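1. here you go, sequence then predicted model.
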Amino acid sequence: MARAPTTRMGLLEVRGRREVAARGARLLRAKREVLAGELHRLASEVLEGRERLDRTLARAVEALAMAAALRGEPALEALAWNAGREIPLHVSLRRVWGVPTPSVTVPDLVRHAGERGGSVASWGPASAAAARHHEEALELLLRIASRELRLARLGDEIQATSRRINALEQLSLPRLAAEAARIEGALEERDREDVVRLKRFRGRRRG
């Protein structure tokens, strides 16, 4: 940091920069608090979602094993082929304190029995249950993935904000305070010297 002029204007400039830096640190702290609150909320949703996903996947695996035992794997593979589809996903940006975080809009993926291709009778209860549980699991997985993307982005921004706060509070503000103290000291010393010179001048005039 370049030294400011040792003048009263220089002192005012340094004090102004110090106030701006302090205000910036306060704003960054407020931003970090809001982001941390959003992070905590998302983390709770992700943990809850993962627990639901684990339970849904367990049901899906159990239902698939039952369907395979009743129908045989070749029959299930044929049903799965007919049920294949594209899943439209829409990714948008949601801003929290100006921080863009990705958000994935997931459509409802669980279908009625007649919407998976083939007749309802060709599926049977066991195969339809296995398909339904897997669709539920996929929908949950995509919703959790969307939240985890936002979680990672918020975590990165909180770390970056903390680094900026530390740079201001541990580097910039102490340096500006030291610079202001240097100028204040120099001006006070100059004022004392002026007083001494003035006294000497008055003494000479009286003499």
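-> Looks like it arrived, so ask away. Just so we're clear, the structure is a prediction, and the values are computed from it rather than from any experiment.
2. please count neighbours and contacts with C-alpha atoms only from this point.
-> Will do.
3. the biggest helix by length in the chain: how far from the chain's middle?
-> In the chain, taking DSSP state H as the definition, the longest helix is helix 8-71. When C-alpha coordinates are averaged (CA atoms, centre = their mean, to the nearest Å), helix 8-71 and its chain have centres 5 Å apart.
4. please apply the same query to stretch 185-194.
-> Distance of stretch 185-194 from its chain centroid, counting by CA atoms, centre = their mean, is 50 Å.
5. from memory Pro107 sits against Val91, does it?
-> No. In this structure Pro107 lies outside contact range of Val91 using CA atoms under 8 Å: 11.9 Å.
6. mind checking what helix or strand follows the longest helix of the chain in sequence?
-> Where DSSP states H and E defines the elements, the next helix or strand beyond helix 8-71 is helix 73-83.
7. which parts of that following helix are buried?
-> Leu76, Leu79 (16 or more other CA atoms under 10 Å).
8. how about stretch 164-184?
-> Within stretch 164-184, the residues scored as buried using 16+ other CA under 10 Å are 164-165, 168-169, 172-173, 175-176, 179-180, 182-184.
9. mind listing which of those residues are in helices?
-> Those of those lying in helices (DSSP H): Arg164, Ile165, Leu173, Arg175, Leu176, Glu179, Ala180, Arg182, Ile183, Glu184.
10. need those in a markdown table (columns: distance to Ala78).
-> Formatted as a markdown table, those follow (distance: CA to CA, whole Å):
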| residue | distance to Ala78 |
| --- | --- |
| Arg164 | 57 |
| Ile165 | 59 |
| Leu173 | 69 |
| Arg175 | 72 |
| Leu176 | 73 |
| Glu179 | 78 |
| Ala180 | 79 |
| Arg182 | 83 |
| Ile183 | 84 |
| Glu184 | 85 |
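11. the residues you listed: which two are farthest apart?
-> For those, the farthest-apart pair by CA to CA is Arg164 and Glu184; their separation is 27.9 Å.
12. where does the chain dip in pLDDT?
-> 1-2, 194, 201-207 (pLDDT under 70).
13. for Glu86, identify the helix or strand it belongs to.
-> Glu86 belongs to no helix or strand, assigned by DSSP H and E.
14. how many neighbours does it have?
-> Glu86 has 5 neighbours, counted by other CA atoms under 10 Å.
15. ok, the one 3 residues further on next?
-> Residue crowding around Leu89 was assessed by other CA under 10 Å; the count is 11.
16. need phi/psi at it.
-> Phi and psi for Leu89, reported as degrees, to the nearest 10, are phi -120, psi 140.
17. check the gap between it and Glu193 for me.
-> Using CA to CA, to the nearest Å, we find Leu89 at a distance of 76 Å from Glu193.
18. which SSE is the most centrally placed residue in the chain in?
-> Nearest to the mean C-alpha position of the chain, by CA atoms, centre = their mean, lies Leu154 at 0.7 Å. Using DSSP H and E, Leu154 maps to helix 120-167.
19. that helix packs against which elements?
-> Helices and strands touching helix 120-167, as assessed by 3 or more CA pairs under 8 Å, 6 or more residues apart in numbering; DSSP states H and E, comprise helix 8-71, strand 99-105.
20. of all those, which one comes closest to Arg85?
-> strand 99-105 (17.4 Å).
21. that closest one pairs with which strands?
-> Using DSSP bridges, the strands paired with strand 99-105 in its sheet are strand 90-96 (antiparallel).
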